Each structure stands twice: as structure tokens, then as C-alpha cells.
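Visitor: One predicted model, sequence on top.
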Amino acid sequence: MEFLNLVLLDQIRDILEFPSFFFEVVFGGLMSGVMYSLVALGFVLIFKASGVFNFSQGVFALFAALTLVGLMTGTMPFSLEKSLPALPVWLAIAVTFGVMIVLAILVERIVLRPLVNQDQIIMFMSTIGLAFVLEGLGDTMWGSGVKALDVGIPSGNFMVGEIQIQVFDLWAAGIAAFLVVVLAVFFQKTRTGRALRAVADDHQAALSVGIPLRNIWVVVWSAAGLVALVAGIMWGSKSGVQFSLSLIALKALPVLILGGFTSVPGAIVGGLIIGVGEKVAEVYWGPLVNGAIENWFAYVVALVFLLFRPQGLFGDKIIERV
Amino acid sequence: MFYRESGQFKASYAADQAVFPIRQDQYGIAAILLVAFFVIPYMGDEYFFQAIMVPVLIFSLAAIGLNILTGYCGQLSLGTGGFMAVGAVACYKLTTAFPELNFIIVLLLSGVITAMVGLLFGIPSLRIKGFYLAVATLAAQFFLSWLFNKVAWFQNYAPSGTITMPPREVFGVLVTGAASNAMHRYLFCLIFVIVLAMAAKNLVRGPIGRSWMAIRDMDIAAELIGFRPFQTKLLAFSVSSFYVGVAGAMALSLWLGSVETAEAFDINVSFQVLFMIIIGGLGSMMGSFLGAAFIILTPIVLTNVMVGSLGFQAVTAKHFEFMFFGGMIIMFLIVEPQGLARLWQILKEKLRLWPFPY
């Protein structure tokens, strides 16, 4: 009974006594969940269309954010001198998106094309290599210090009842939701979107009805680049553009396990669950074991989840044939 | 002209099945061993042992461990750093709790403890594979480094949070601790690694190794022809973790001396070892050594050339190293998925025909 008190009842009592604090924790969790969802979304897009598990998605976000900051401050790549004219925000974002598209084309040319028909696990390892290349490249081009990023998203906070809410978080959630809607429309309603889904379903069948596989991959990696850009802007404005940004990619892995590798709604819901779960666990159960359980909570949840439902909440059932 | 087996007749089954069936190979290995045992100890200085030879040997052992799991059994693991941490902590706890225990036994027991932990984290492998399993092993990595960082018992309640290896002797020779001679540590490492590598080589070319490879090539088919996937995979997990754990224990005791566990064995170590086996060659003992040497030596060479000769900043060299390794990984996966070991094999085949290839 005493043990039960320690690990369960005390926490529940806490929650019931100060519900507003609990909601604040949940809200904070939801917000970091949105960030996880954004990165996970990039994973899902690429996985659905090419069966490649893109480990470098988080580094994409870092690279996009670094490029954006570099352009906005007028930094000359590689020399780190501020010798170029500083670009306005909208132009910088547009140019960065352009850079991400070029990157997508290069990735398709240099990495994906020679590796067509390889094992998924080989592709996965090649994206680990890609992550290292991009990380080194981003740091060499734009310097490795922590940089502030301000794209003019309003900040400040207001109170709803007793709960404090950051305006920035609301904007972030709004932009993320907008992005998801745009992607959903793009996937469901446009010609390219239909082609993308066909490729996701069956590479060979798609090829045989004349869908240009290579262009599709470029499109998908560009879309993932866009998602990475948005994620990079969000994280970057919140906590500065720095190396740790690429670590959220690792956090997105359990999100995917939870939501399923092939499901866009799964990525969103999984991200929110992980975000809330780890914050609540950290605040209420962390003190029991000296804290910092945020670091592994998500992975262990994913591990337990894998044992019971390997395909995730919304993923397609995994069928294996000999 | 010199490298061919014509005229070397095998009179017994054992001779035919030897690890090095060709006489030239035997001479080559003997020469390498002679150099390693009798020349290097007298040539090298403190820096050479501490910065190059000892880490190369230790990481070779870790790479052999991961190669057993990933290269031979096909189960990708990103938790190598975490398991090395288990080995290091187990070694520390054992040797401080039982100071009288022979250091060799301490090392082996650390491996056994790591094997048990590995077994635990290998259980999901029955249901999941590929990068799903990679995530499960990531869980091991993060959970273990958190555990060793936060639970003071694992550090014997040291206020600094670091674990420091006390001096230990093997057969009257001091091999660990700050006072020990780097050459002695190197020789101890060498013997240990050679023995364990031979054991691994014989394991992977026997029935157990064949069952691992069957699971790797297609697990459903392997199951249908009678291999038990669960036992086979778990065995691979535990043997692999044993090697990785011993490597971790050696990294603490013979190389680093004093570590902050979560820092020294972080996720980057996992990637480093993974890179070693990709570049060296998946499913090759030779490759584990070549890969470890490559990954350990490249940064040293790069830093020396870029910072020392070309005058770059150390930070730039570090970033360049990142790009270089990433690029190498992609290049090897595309051009030569079998890694350096395969290049060596091709070279040998070419040598057999040289200089008259037609």
C-alpha cells in the first residue's frame, strides 16, 4: 500500500488537487508534441512514398533553420562573414525552400538512385550517413554556434482561467495544422498526390502505368524538406538554432512507432501522446527517480508498444511473404 | 606469382577446414602477430599505445560484437554505446566490490552481465525487425545511460559522478590505473582481443553462425527449414552483448581509466561502431578490425593534416570529419556494400593471377 501510494496515488492526488497546474503541464506537452509531430510527418511522407526510412529528417530541419538564419543575417557561406545583404523574412524562407528542393534533387541523384532495390535497412543506414554529411556541411557553411531565429511569430502570453498560455505555442499549433491540411489536400486531390499514393502502394505497378518514379521521389523529398523547414523554424524560434535540433529526429522515432510508419494522422496523434506523456511523467513521476526521465520515456513507451502492436496505432498491418 | 595455393595439398579434413587454409595467409598472420607482439611494444611510445593501438583493439572487439548481431544475424542495433556502458559499470562495480577477484575474470563477468542485459533488450526482436528493432535498441541506449547517470549506486556514490578504475594486476603486472605502463596495457588488450576474436571466428563459421546467417538472409524461410528464430536471435543478442560488454569494460579499465558513463558511451559511440562495421564489412571478422582501425585513425590523420599542416581551425576539422564519415558511409553502401574486407578479398583474388591474368 505504501508503495502504491508512492508510485501512483500521491500523483493522482496531486493532479486532482491542482488541476490547473496539470492542464498547464498537459498544454506544454501538447506543444512539444506538435514539434515531434512535425518531424514525424516528414518521416512518414518519405516512408510512404519511397519505403525509405529517412533518419536524416531532423538534420534536414537543422540544416533548413541554419540556412534560414544565415540568409536572414546575410552570412556568406563557408567564410562566416556578414558580407551579403540580409534578406527579408519571406524572401529568406523562399530561398531556403529552394535550397531544400536542390537538396532533394541531389539526394535523389547521389544517394537514392544508386541504391534502388536495396534492402530497407541499407537505405536506412545510408540516411544515417546523409545525416552526418548534412550536419557537417551545415556547421561548416553557417558556423556551429547557437543562433537566434526570429521570423516575426508573435510572442507573449495570456491567461485562460488559471492556465498560462504562450501566444507563440498557439501560432505554432496553427501553422502545423495548416501544413497538415495543405499536405492532406495535396495528397488526396492533386494529380501528383495521386501519383505519390500510387508509388507508395506499389513501386513496380506505379512504374508500369507510367508514373515517373524519380520525379516523384524528388517531389516527396522536397515536401519533406518543406516540413523540415517549418519544424526548423518552430524549434529554432523557440529554443535557438543549434545542434540539439537534430536530436529531435531521434525523438520522432518512438512517435512513429506509436503512430505507425505509414499514417499521417498517426504521426500527429503519436507526437501529441508522446509530448504529453513525457511531460506528465517528468513532472509527476520524475522526482521519484531523480528526474530526466524525459530522455528515455518515449523510447520505453515505444518499446512496450512494439511488443503488443508492432504496426502502431494507425499503421498498415505488417504482412510478410516468403 | 607468390600468392596462390597450387601445390598445397590438404591431407586431412581438419587441414581443409582451417581458418587460414592457404600457407601464405598463415605466414602473413604469423608475421602480423610477430610484429604486434615483439616489434610494436618496443617501437611505440605512450601516445602511440594510448591514442591508437589500444582504442583500435578495443573498438575492434566492440565491432566484432556488433558484427555478430548486425552483420551475421541481421538485427540492426543502435544501442552499442549503452551496452558498452553496462560492461564498463559492471567491471567497475565488480572490481570495487571484490578487489581480490582476478582482473581477467572481472572482464569476462562484465561481459556475462552485459549479455544478460542484452538478452533482455533482445526480447522484442522476435516480433519486430529492421528499424523497428533499431528503435528498441535506442531505448536501451537512452535508458541505460540515464540509469548509470542518475542512480548513484552505480558510481559507488562518487560525488563527481565519474567512475575511476582502481589499479589491478594480472599475473603480477599492473595493467590498470594511472600508474600502469601503456605497453603492458596494450599487450594485455592484444592477447585478450586475439583470444576473443578467434572464439568469435569459430563461432560464426560453425552451426551457430550458419543459423544466424540463415535468420539474416530470410527469417521466415529459416524458420520453415527448422531454425528456431527466437532462440537464435536471442543467442546472437547475448553473444554480441558479451563482446560489446567486454569491450566497454576494457575501454574503462585499459584505455580511459576514468569516465562519466553517460558521456563516454553516448549515442555517438553507437553510431561510430555501426560505421566501423559498415565501412569494414558487414559479416566479416577481418572487416571489424579494418573498420575499427579506419574509424579511429581517420580523425587523427584528418586533424593532423588539416589543423597541423593546412592551418584550419580544430572545429572545422571536426565538421569536416562528420562530412567525411557520412560520405564514406554512403559511398561504401553504394560502391562496396561488403566494405573494406571485400576490397581485401578482391585484392587477394587479383594477386592469385598476377602477373599473368590470362
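Guide: Good, I have the coordinates. Only a predicted model underlies this, so the values are computations on that prediction, with no experimental measurement involved.

Visitor: contacts and neighbour counts: CA atoms only from here.
Guide: Noted.

Visitor: check contacts around the closest residue to chain A within the stretch 1-150 of chain B.
Guide: Closest contact between the stretch 1-150 of chain B and chain A, by CA to the nearest CA, is at B:A139 (4.6 Å). By CA atoms under 8 Å, 6 or more residues apart in numbering or on different chains, the residues touching B:A139 are A:W296, A:Y299, A:V300, A:L303, B:G79.

Visitor: can you list those residues in TSV and add neighbour count?
Guide: Formatted as TSV, the contacts of B:A139 follow (neighbours: other CA atoms under 10 Å in any protein chain shown):
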residue	neighbour count
A:W296	23
A:Y299	29
A:V300	20
A:L303	25
B:G79	32
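
Visitor: quick check, nearest of those to A:K279?
Guide: A:W296 (11.8 Å; CA to CA).

Visitor: State the distance from the closest one to chain B.
Guide: 5 Å (CA to the nearest CA, to the nearest Å).

Visitor: Okay, and that residue sits in which element?
Guide: Assigned by DSSP states H and E, A:W296 falls within helix A:294-308.

Visitor: got the contact list for that helix?
Guide: Residues contacting helix A:294-308 (CA under 8 Å, 6+ apart): A:251, A:254-255, A:257-258, A:274, A:277-279, A:281-282, A:312, B:124, B:127-128, B:132, B:135-136, B:138-139, B:142-143, B:146.

Visitor: How far off centre is it?
Guide: 18 Å (CA atoms, centre = their mean, to the nearest Å).

Visitor: hang on, A:G225 packs against A:T96?
Guide: No: using CA atoms under 8 Å, A:G225 makes no contact with A:T96, being 9.6 Å away.

Visitor: The residue of the stretch 1-150 of chain B closest to chain A: what secondary structure?
Guide: What DSSP: H, G, I helix; E, B strand; the rest coil gives for B:A139 is helix.

Visitor: For the stretch 151-300 of chain A, which segments count as helices?
Guide: Per DSSP state H, counting those that start in this stretch, the stretch 151-300 of chain A carries helices over the ranges A:167-189, A:191-201, A:203-208, A:213-239, A:248-259, A:264-280, A:294-308.

Visitor: any idea of the angle the second one forms with helix A:213-239?
Guide: What that stands for is helix A:191-201. If you take axes from the mean of the first three to the mean of the last three CA atoms, to 10 degrees, helix A:191-201 sits at 100 degrees to helix A:213-239.

Visitor: C-alpha coordinates for helix A:191-201, CSV please?
Guide: The C-alpha coordinates for helix A:191-201 follow below in CSV (Å, rounded to 0.1, in the frame of the first residue of the first chain):
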residue,chain,number,x,y,z
ARG,A,191,-2.6,14.6,-59.7
THR,A,192,0.8,14.5,-58.2
GLY,A,193,-0.7,13.5,-54.9
ARG,A,194,-2.4,10.5,-56.5
ALA,A,195,0.8,9.5,-58.2
LEU,A,196,2.5,9.7,-54.8
ARG,A,197,0.0,7.4,-53.3
ALA,A,198,0.3,5.0,-56.2
VAL,A,199,4.0,4.9,-55.7
ALA,A,200,3.6,4.3,-52.0
ASP,A,201,1.3,1.4,-52.7
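
Visitor: what are the ranges of the helices in the stretch 251-358 of chain B?
Guide: Here the stretch 251-358 of chain B has its helices, by DSSP H, counting those that start in this stretch, at B:261-264, B:267-280, B:285-303, B:314-335, B:339-353.

Visitor: tell me which residues in the shortest one are buried?
Guide: Spelled out, it's helix B:261-264. Neighbour counts over helix B:261-264 (16 or more other CA atoms under 10 Å in any protein chain shown) mark B:T261, B:A262, B:A264 as buried.

Visitor: What of the second one?
Guide: Residues of helix B:267-280 classed as buried by neighbour count (16+ other CA under 10 Å): B:267, B:269-280.

Visitor: Taking those, tell me the two that lie furthest apart.
Guide: Farthest apart among the buried residues of helix B:267-280 by CA to CA are B:I267 and B:G280. That separation is 19.9 Å.

Visitor: any chance of the buried residues of helix B:267-280 in a markdown table, with distance to chain A and pLDDT too?
Guide: Shown next, in a markdown table, are those (distance: CA to the nearest CA, whole Å; pLDDT from 0 to 100):
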| residue | distance to chain A | pLDDT |
| --- | --- | --- |
| B:I267 | 10 | 86 |
| B:V269 | 14 | 91 |
| B:S270 | 12 | 91 |
| B:F271 | 9 | 88 |
| B:Q272 | 11 | 89 |
| B:V273 | 13 | 93 |
| B:L274 | 9 | 90 |
| B:F275 | 9 | 88 |
| B:M276 | 12 | 91 |
| B:I277 | 11 | 91 |
| B:I278 | 9 | 87 |
| B:I279 | 11 | 88 |
| B:G280 | 14 | 90 |
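
Visitor: what about the residue nearest to the spatial centre of chain A, distance to chain B?
Guide: By CA atoms, centre = their mean, chain A has its centre lying nearest to A:V39, at 0.6 Å. Distance check for A:V39 against chain B: by CA to the nearest CA, it reads 16 Å.

Visitor: Compute the inter-axis angle for the helix or strand that residue falls within and helix A:191-201.
Guide: Using DSSP H and E, A:V39 maps to helix A:19-50. Helix A:19-50 and helix A:191-201 are oriented at 80 degrees to each other (the same axes, to 10 degrees).

Visitor: May I see the buried residues of helix A:19-50?
Guide: A:20-50.

Visitor: which stretch among the helices of the stretch 251-358 of chain B comes nearest B:A115?
Guide: When the helices of the stretch 251-358 of chain B are compared by CA to CA, helix B:267-280 sits nearest B:A115, at 16.7 Å.
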